[in-house]
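Q: Dropping the sequence and predicted coords here.
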Amino acid sequence: MIDNGRNPRRTPYPWRVVIPVEDSTDPRIADYVRLRDVDLRKSLEGGRGLFLAEGEKVIRRAVAAGHRVRSMLMTAKWLDRFADLAGDEGDVTVYLVSDEVMEGIIGFQVHRGALASMERRELPSVSEVLRGARHVVVLEDLVDHTNVGAIFRCAAALGVDAIVLSPRCADPLYRRSVKVSMGAVFSVPYARLKDWHDGLAELRDQGFRLLALTPAESAVPIEEALTGGRTALLLGSEGDGLSSRWLSEADRAVRIPMSREVDSLNVAAAAAIACYLLTAPARG
Ligand SMILES: C[S@@+](CC[C@H](N)C(=O)[O-])C[C@H]1O[C@@H](n2cnc3c(N)ncnc32)[C@H](O)[C@@H]1O
């Protein structure tokens, strides 16, 4: 049934529960509101184990990666298009909104027309994602979700096998990261270190050579340090860069040579260049 509390009608097959929502403050769409409030989203997602995917391509990539759809928010024109996501029992709830309400909820026009609230899955362990991997990126304490998403996208494009996050690194499933990654957060395996101080030992124990990316002049140009074999590229936070602890844990400090007027590259730009150089031989 379409349940608007007043006028039940037949639900468009195969959806069983379609709830028209006429007001963006309706508590039933709490998962979707105030999307720009980073702190609120973090606490919601942390507490309820959910994340939001936006747009058909990203939603489908999340589903293909095994994430369960909890509910969807869409305008009527998407009902048929997403019919295959209704669930075996048609039990995925749809919140049906007008273009205006959608705009009121997310603060701008959504041309991609649909949002899905999805359940997180338990992350694999670090040793699981390292198994069989040859080229790995390790992110220390990045705070910017756009950078995290961009690094996942470049890792997927350039054939990096896995990403390892420090305990405090920003969440790849935050909505901005998911969007910027174009869904690569669902295709590149990743895990989070439990221990920042000694966490890199696990990579070394598994035979990875650790290359610390830093703009410091004292570091060697990255091309001189790429020797083949299992390699992990360590990238530091947007402000301070890699910690002295991780720099000292690395086998080598490497740099991407730059013109002298510039202090450093954006971390996602540095990742793209370094990943390209690292994986070029494997791509042939
Ligand atoms: C914005 S930078 C941080 C700048 C910081 N002041 C520092 O000295 O590292 C963020 C990260 O991008 C990477 N990065 C930026 N420019 C780089 C370069 N020219 N060579 C190698 N890595 C670079 C490093 O991993 C760095 O930790």
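A: On my side now, so go ahead.
Q: Quick check: bridge partners of the residue of the stretch 101-250 of the chain found nearest the ligand?
A: Nearest to the ligand, among the residues of the stretch 101-250 of the chain, is Gly241, at 2.1 Å (CB to the nearest ligand atom). The way it works is simple: take the backbone N, C-alpha and C, and place the C-beta from them, glycine included. Gly241 has these beta-bridge partners by DSSP bridges: Ser237.
Q: ok, now which ones touch it?
A: 214-215, 264 (CB atoms under 8 Å, 6 or more residues apart in numbering).
Q: The ligand next: which of these are close?
A: Restricting these to those within reach of the ligand (CB under 6 Å from any ligand atom) leaves 214-215, 264.
Q: Which of those residues ranks first by neighbour count?
A: Thr214 (22 neighbours; other CB atoms under 10 Å).
Q: mind checking pLDDT for it?
A: Looking at Thr214, its pLDDT reads 98.
Q: Then Asn4?
A: pLDDT at Asn4 comes out at 50.
Q: So for the helix or strand that Leu115 is a member of, mean pLDDT?
A: Per DSSP states H and E: Leu115 is located in strand 114-119. Across strand 114-119, pLDDT averages out at 89.
Q: May I have that strand as CSV, with CA atoms only?
A: Output of strand 114-119 as CSV, limited to C-alpha atoms (Å, rounded to 0.1, in the frame of the first residue of the first chain):
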residue,chain,number,x,y,z
ALA,A,114,17.7,9.0,-5.8
LEU,A,115,19.4,8.3,-2.5
ALA,A,116,19.7,5.0,-0.8
SER,A,117,20.3,4.4,2.9
MET,A,118,22.4,1.3,3.1
GLU,A,119,23.8,-0.9,5.8
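Q: ok, residues contacting that strand?
A: Strand 114-119 is touched from outside by 31-32, 49-56, 59, 62-63, 67-75, 78, 82, 85, 106, with contacts defined as CB under 8 Å, 6+ apart.
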